[in-house]
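based on what follows, work out the 3D shape:
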Amino acid sequence: MLKIGITGGIGSGKSTICHFFSLMEIPVFNADQEAKRIMNESSLIRSKMMLHFGKDIYLKNQTIDRKKLAAMIFNSPPLLQMANAIVHPEVRSYFFDWCKRQHSPYIIHEAAILFESGFYEMMDYTILVTAPEQQRIERVMKRDHSSSQQIKERISKQWPDKEKVKLADFIIKNDNRELVLPTLIELDQKFRKHG
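Got it, this is the predicted structure:
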């Protein structure tokens, strides 16, 4: 079974692209959602997170205080690395177990930091979804009601597209100028043949 990694910067539209594949009955593994689920549900991960980030990193309802964690790791690469070192191996392990339960020609692995985490090396192909920065900012402002400055800060913490392009097998320009559907149908057919 082929493993296809999909990534893209904030506001690029990678979730929309993944939705297309799910409509084509292709299983989609959302690594970011799984990381959140594991931080909330795994007692082992919870204890590791509290050990390194303090007991108050979890709210009274036992879910991670995402705002507090984000504030801690946003400007601290060592703390970000620490959080990733705790959570990523669990996500990776769950992903491979999940793959064993799928019965399709290929699967999609959606992750915001597919390249940064090195996880792309475990994929057969990678797809990078790109869009102009201003368009990405506008999309996220509508979606999250964040300020332009907040979004620019988040973008500045992600790898630039020019770095990701070097590692991607396929690039989808989601700029509302080119139709993406023909490209997606073509990719689906290609992956089904090789799956």
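
show me this structure divided up by domain.
Per the record's domain assignment (automatic domain parsing), the chain is made up of the domains 1-27+106-195, 33-101.

just put the ones you listed in TSV and tack on mean pLDDT and mean neighbour count.
From N, CA and C alone the C-beta is placed, and that goes for glycine too. Listed next are the domains of the chain as TSV, based on pLDDT from 0 to 100; neighbours: other CB atoms under 10 Å:
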stretch	mean pLDDT	mean neighbour count
domain 1-27+106-195	94	17
domain 33-101	94	14
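
show me the strands in the protein, by range?
Using DSSP state E, the strands assigned to the chain run over residues 2-8, 28-30, 106-110, 125-130, 170-173.

relative to residue 84, which of those strands is closest?
strand 2-8 (15.2 Å; CB to CB).

helices and strands around that closest one, which ones?
Based on contacts counted as 3 or more CB pairs under 8 Å, 6 or more residues apart in numbering; DSSP states H and E, the elements that strand 2-8 packs against are helix 14-23, strand 106-110, strand 125-130, helix 181-194.

now these as TSV including distance to residue 33?
TSV is the format used below for these (distance: least, CB to CB, whole Å):
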stretch	distance to residue 33
helix 14-23	10
strand 106-110	9
strand 125-130	17
helix 181-194	21
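
nearest to residue 161, out of the ones you listed?
Of all the helices and strands packed on strand 2-8, it is strand 125-130 that lies closest to residue 161, at 5.1 Å by CB to CB.

ok, and what's touching the closest one?
Among residues not part of strand 125-130, those counted as contacts by CB atoms under 8 Å, 6 or more residues apart in numbering are 2, 4-9, 12-14, 17, 114-115, 120, 161, 164-165, 167-175, 187, 191.

about what we covered before: which of the helices and strands packed on strand 2-8 sits closest to residue 49?
strand 106-110 (23.1 Å).

you'd agree residue 7 is up against residue 119?
No - in this structure residue 7 lies outside contact range of residue 119 using CB atoms under 8 Å: 9.2 Å.

overlap of the contact sets of those two?
Once CB under 8 Å, 6+ apart is applied, the residues that residue 7 and residue 119 both contact turn out to be 111, 113.

what's near enough to touch the residue nearest the centre of the chain?
Of all residues in the chain, the one closest to the mean position by CA atoms, centre = their mean is residue 111, 2.0 Å from it. When contacts are counted by CB under 8 Å, 6+ apart, residue 111 is found next to 5-7, 30-32, 117, 119.

out of those residues, the closest to residue 153 would be?
Taking CB to CB as the measure, residue 153 sits nearest to residue 32 out of these, at 18.4 Å.
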